[in-house]
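Peer 1: Return a 3D structure for these sequence lines:
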Amino acid sequence: MIKMSINLGERSYPIYIATNYADIGKSIASARLSGKMVLITDTNVDMHQADECINALKESGYDVHKYVIAAGEENKNLDTVNEIYRYLVKQKLERNSVLIALGGGVVGDITGFVAATFLRGINFVQVPTTLIAQADSSVGGKVGVDFEGSKNIIGAFYQPRLVYINVNSLKTLPKREVQAGLAEVVKHGIIKDRDFFDYVEYNLNKIFEFKEDVLQFTARANCSIKGSVVEEDEREGGLRAILNFGHTIGHAVESVSGFQLLHGECVSIGMVGAFKMAQHLGMVDAKESDRVIGLLERIGLPTGIKGMDVDKVFAQMYHDKKIKNNKLVFILPKRIGEVLQISIDDTALIKEVLQELAQ
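Peer 2: Alright, predicted model coming up:
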């Protein structure tokens, strides 16, 4: 088992990268968590992962209650949060209680938000089971829900007490979920680590074959890249904004699609849009753009929005959190491995890029 840490002073926490759930109880004990435990998962993960995880916890002497929510981004809302609150009140949870998020980004975001707000804050543990959650959303403390069609518009910064990654949980995923998760993996290479981008490009087939050593290296690299950013800028005052690469357009596409497209699929489209915009601004070489688009296509991710209403996407972008002084904030690439944050008020340029994505 690999152990690494996110260093945030009194909010620091470990990340464990394993190949099963055998050590999850020992990991929780190391964090000195001992209150009542509720494992929150969704209907998909419950079928494939919950029993194994709960049995491992019971073997370590923990009494764990389970609460299952309906799977899907459309359920990441305050109604679901309220249902969980009612359950926790019924279970008489206390300040030292622990919520365990077993699932993908939706489960992690909801559970973290509930933990941040219930009794003014209780402990929670991230156990991500999707590639997108293992690569990105389980680390860093961003938690929240969607509201009236706007993505993650209600939320908080609230760090978990630990993250436990079982890379073999990825074997239970549909291929489309793995492909979507790889968008965030590619993103990390683009924003901060060209060598990691090269690694993913070279080892893509091994990732799809679920080679344990490759999955563990990938998880460690992702957590290291994201962790280094979060350690420097926990609450997105500056550097952390680079993690939003591909998200300014991506979140709008996700909302306009009615969440029929997966988050990673939308980030893929957003990254292509960012490269197109950077090319228009003379920031990035066309060869770099072609290489990124080529990798996304090899993965099987969408790279455009053909058939989608461009005007709706444009309008939705202005309902996003990434706006400053009525200007959209984009993270744009200079090259693979380096990006910049830029505010853009040239609406004609933004619409031109969206039109190109729609072709």
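
Peer 1: all strands of the protein, in order?
Peer 2: 2-6, 13-18, 37-42, 64-69, 98-103, 123-128, 142-147, 150-157, 162-166, 323-324, 327-335, 338-344 (DSSP state E).

Peer 1: Lowest average confidence across the ones you listed, which one?
Peer 2: Ranked on mean pLDDT, the bottom entry among the strands of the chain is strand 323-324, at a mean of 70.

Peer 1: that older thread, turn the strands of the chain into TSV, including mean neighbour count and distance to Val200.
Peer 2: (Glycine included, C-beta is placed from N, CA and C.) Formatted as TSV, these follow (neighbours: other Cβ atoms under 10 Å; distance: least, Cβ to Cβ, whole Å):
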stretch	mean neighbour count	distance to Val200
strand 2-6	16	18
strand 13-18	20	17
strand 37-42	24	27
strand 64-69	18	31
strand 98-103	28	24
strand 123-128	27	18
strand 142-147	22	23
strand 150-157	17	25
strand 162-166	27	17
strand 323-324	12	31
strand 327-335	20	16
strand 338-344	16	17
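
Peer 1: nearest to Val310, of those?
Peer 2: strand 327-335 (15.0 Å; Cβ to Cβ).

Peer 1: Mind listing residues that contact that closest one?
Peer 2: With Cβ atoms under 8 Å, 6 or more residues apart in numbering as the test, strand 327-335 has contacts from 190-191, 194, 241-242, 244-248, 274-275, 277-278, 281, 283-285, 288, 317-318, 320, 322-323, 339-345, 350.

Peer 1: returning to what we had before: of all the strands of the chain, which lies closest to Lys211?
Peer 2: Closest among the strands of the chain, using Cβ to Cβ: strand 13-18, at 14.3 Å.

Peer 1: which strands and helices sit next to the closest one?
Peer 2: Packing contacts for strand 13-18, counted by 3 or more Cβ pairs under 8 Å, 6 or more residues apart in numbering; DSSP states H and E, involve strand 2-6, helix 24-30, strand 162-166, helix 212-232.

Peer 1: Dump these to a markdown table, plus distance to Cys53.
Peer 2: Listed next are these as a markdown table, based on distance: least, Cβ to Cβ, whole Å:
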| stretch | distance to Cys53 |
| --- | --- |
| strand 2-6 | 19 |
| helix 24-30 | 7 |
| strand 162-166 | 8 |
| helix 212-232 | 17 |
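
Peer 1: Reformat the strands of the chain into CSV and put distance to Asp311 next to each item.
Peer 2: Converted to CSV, the strands of the chain look like this (distance: least, Cβ to Cβ, whole Å):
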stretch, distance to Asp311
strand 2-6, 41
strand 13-18, 42
strand 37-42, 34
strand 64-69, 34
strand 98-103, 35
strand 123-128, 36
strand 142-147, 22
strand 150-157, 17
strand 162-166, 40
strand 323-324, 18
strand 327-335, 15
strand 338-344, 18
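
Peer 1: Now for the nearest residue to Val38 once chain neighbours are set aside: which residues touch it?
Peer 2: Distances taken as Cβ to Cβ, 6 or more residues apart in numbering put His65 closest to Val38, at 4.8 Å, once the chain neighbours are dropped. Going by Cβ under 8 Å, 6+ apart, His65 touches 36-39, 91.
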